[in-house]
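Asker: model this:
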Amino acid sequence: MATTPLHVGAARSRVDGPAKVTGAARYAAEFKAADLAYGVVVSSAITRGRVTAIDAAAALAVPGVIQVFTHENRPRTAWLDYNYRDQVAPPGSPFRALHGPEIVFGGQPVALVVAESFELARYGASLIRVTYAEEVPHTDLAAVRDAAYVPPRKRSGIKPPPDPRGDAEGALAAAPVQLRQEYRQAIEHHNPMEPHATTIVYEGDGKLTIHDKIQGVNNTQSYVCSVFNLKPDDVRVISPYIGGAFGSGLRPQYQLFLAVSAALNLKRSVRVVLSRDQMFTLGYRPETIQSVALGADRDGRLQALLHEAVAGTSTFEDYQESVVNWSGLLYHCPNVKLGYKLAKIDTATPADMRAPGAATGVYALEVAMDELADATGIDPLDLRLRNYAERDEGENKDFTSKALREAYAQGAERFGWSRRGRAPRSMREGRELVGWGLATGVWEAYLMKSSARARLALDGTLELACSTADLGTGTYTILSQIGADALGVPLDKVRTLLGDTTLPEAPLAGGSWTAASSGSAVEMACRAVAEQLLGFARRIDDSPLANADLAHVTFADGAIRLASDPSARISLAEAMRAGGVESVEATETVKPSLLTGLRYAAYTHSAVFAEVRVDEDLGVVRVTRVVSAVAAGRILNPKTARSQIMGGVVMGIGAALEEESMLDHTLGRFMNHNLGEYHVPVNADIHDVEVIFVEESDDKVSPIGAKGLGEIGIVGTAAAVANAVFHATGKRIRELPITLDKIIA
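Answerer: The predicted model follows:
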């Protein structure tokens, strides 16, 4: 089936844009039910210990308060840990809200007050009196790092660091140039605009319709069925829009459990929405302490690379990330040793946050490479090119494609890297020191099993359906573009349905795999529809397509045409009438190729260039320019793709300069648990961000040649900013975020 893309590869505005700007798009806490009750969570006042008593009498005496649920009267649910493990749960014992009196993290839910209105529930929650037996919490990673351990890999789904290659310690000791430093990255919370929320519509007879903030409706459905012993046919989950998640919505959060418990017990609809303060009781990007050692010859060529990391996790689950693995594949080096450990602290389990592991590990590696460039007197870009890896040496595989050289070249040209002063503090403008830094970015390019349905109606409308989520990334739009081109219908005649467990199953939306996976499934479904349509068209008397197959026709302008003679055509409506059908439908599933996975490594790459200006007296840092050159295979929509990279860059700037969840280690609580004190970049912080998409053809990574963009924008950005700060000031700061107190200290 030959096609000339009209929409795929073109900059198209979001098809869901009008719904979002007019308020027609509804989120988890906006769905209505006739008998809706409201639940408000009561959070623990301590971090570690146990509840000794809960007095709910005052709350229950308030007219309109329906019930107060605690560990003493919670509904019966599954007993085994296994039942509480969602699709991406790490090894360990998943948290169970109201399971017992034990307190294992600060802000843990200890009660749910349900009332006829949100205001009454909130007032009732303020009347709950809880007595505790408090124990000393341990939340300081540095204090417990000596007790760090290699985590078990069972059920983790995370690749362990590859086995050592060569003799890294020996090569380091023999290297003419040696570098060993420690790098730290603070805890970050996701802080999406939409808080976590669940609305349960009780349909009667134990049947539920669940509106949940989740990055994969199938995960919510399977979790609820497993925990509450319900049948999948009795639990429908709908989540058409998500107001940001960044990984916090991959796992079901505790408000879901509480809302379902209340709805089943009360036999009525219930809504539970977490407050901004309670959003800081959920998962987060973990604090990580990393040690990087580099050994090189005097020409800067790596001889040894050692990278070790210790990250925090909860006391009840072993949350893991691929932090150090990137160091084994980004650069050519004959001697590499990587290590990753966890240390338990009294917090909630960390969670995947945009580019989990890579945003952390690549930061340390890329700052270390900048330090090596300074030690050898070699330009940082030249140093990376001298150590360019042609293969994934960690996995001993060829890349499906790699246009990183081109990304370096195009990014450097656009940024003006050749004009960079070599010495730190060599560039200034007035009272501001100017610094230029660069870093490499890398993220895995995944293809996941995913299904999609395409249905073409006689009136020319095309309906596409897939249970995947649109996190605000533009999934509605790119799937619509793929379908429109595949069957030659106008974009405004395509309707895409997402985020519903009644639709063909797709994996969680995360890992930058949605476009490649669900997009490929949509194209396959449309191709199956096209085959049926061509079969109908061949049956028409004197059909000009009688002897044609898919390879010889095109679908455009609502018709099937011979590629060799576009005037030989049959409209889609004619073909359907010839087949005696009102619509044509197909559901298809795409799966990753085992052979391709065994032979090739698939990654997206980027080269990030950053300019900072630092007030010499006050230490204030401004990021005034960023150029991010990205090699990500086929770009389906440059407009939404650019937004993805820009969003990642903004988050990278936040990690570099602002974002830090601060723990009071005496109380074990996050102190800055609001958006007034947890700083994120605002408009005044973001200046010129330029995105370059480097041409990269890849026929192995996915059927549609796309690699994914959600994560790559953030990877490397913090390192580029940190390296620019060093170039501006001559002061190397190895702890993120780089706040002004660290600059002027």
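Asker: I'd guess Ser480 is in a helix, am I close?
Answerer: Yes - assessed by DSSP: H, G, I helix; E, B strand; the rest coil, Ser480 belongs to a helix.
Asker: Low-confidence bits of the stretch 51-200 of the chain, can you list those?
Answerer: Residue ranges of the stretch 51-200 of the chain with pLDDT under 70: 154-156.
Asker: you'd agree Leu125 is in a helix?
Answerer: In this structure residue 125 is Ala, not Leu. Yes - checked against three-state DSSP, Ala125 lies within a helix.
Asker: okay but it is in contact with Gly39, surely?
Answerer: No - the criterion here is CB atoms under 8 Å, and Ala125 misses it with Gly39 at 9.2 Å. Quick note: C-beta positions are derived from backbone N, CA and C, even for glycine.
Asker: between these two, what contacts are shared?
Answerer: Val113 (CB atoms under 8 Å, 6 or more residues apart in numbering).
Asker: quick one, which of these two is more surrounded?
Answerer: More neighbours surround Gly39 than the other of Ala125 and Gly39, with 29 against 21 (other CB atoms under 10 Å).
Asker: measure that one to Thr739 for me?
Answerer: As for Gly39, its distance to Thr739 is 38 Å (criterion: CB to CB, to the nearest Å).
Asker: got it, and Asp370?
Answerer: 20 Å.
Asker: repeat for Val51
Answerer: 37 Å.
Asker: Equivalent analysis for Glu585, please.
Answerer: Counting by CB to CB, the gap from Glu585 to Thr739 is 57 Å.
Asker: repeat for Asp163
Answerer: 39 Å.
Asker: Pick out whichever of the two has more residues nearby.
Answerer: Thr739 (19 against 10).
Asker: count of residues packed around the nearest residue to that one once chain neighbours are set aside?
Answerer: Spatially, and ignoring its direct neighbours in sequence, Thr739 is nearest to Leu657 (7.2 Å; CB to CB, 6 or more residues apart in numbering). As a burial measure, Leu657 scores 25 neighbours (other CB under 10 Å).
Asker: Tell me where the stretch 251-400 of the chain has helices.
Answerer: For the stretch 251-400 of the chain, applying DSSP state H, counting those that start in this stretch gives helices covering 254-266, 276-279, 358-376, 380-386.
Asker: Same list, these, but as TSV with distance to Phe118, mean pLDDT and mean neighbour count please.
Answerer: Shown next, in TSV, are the helices of the stretch 251-400 of the chain (distance: least, CB to CB, whole Å; pLDDT from 0 to 100; neighbours: other CB atoms under 10 Å):
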stretch	distance to Phe118	mean pLDDT	mean neighbour count
helix 254-266	13	98	25
helix 276-279	14	98	17
helix 358-376	36	98	25
helix 380-386	54	98	20
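Asker: Correct me if wrong: Ser628 contacts Gln644.
Answerer: No - taking contacts as CB under 8 Å, Ser628 lies outside contact range of Gln644: 10.6 Å.
Asker: tell me, what's touching these two both at once?
Answerer: With CB under 8 Å, 6+ apart, Ser628 and Gln644 have common neighbours Gly713.
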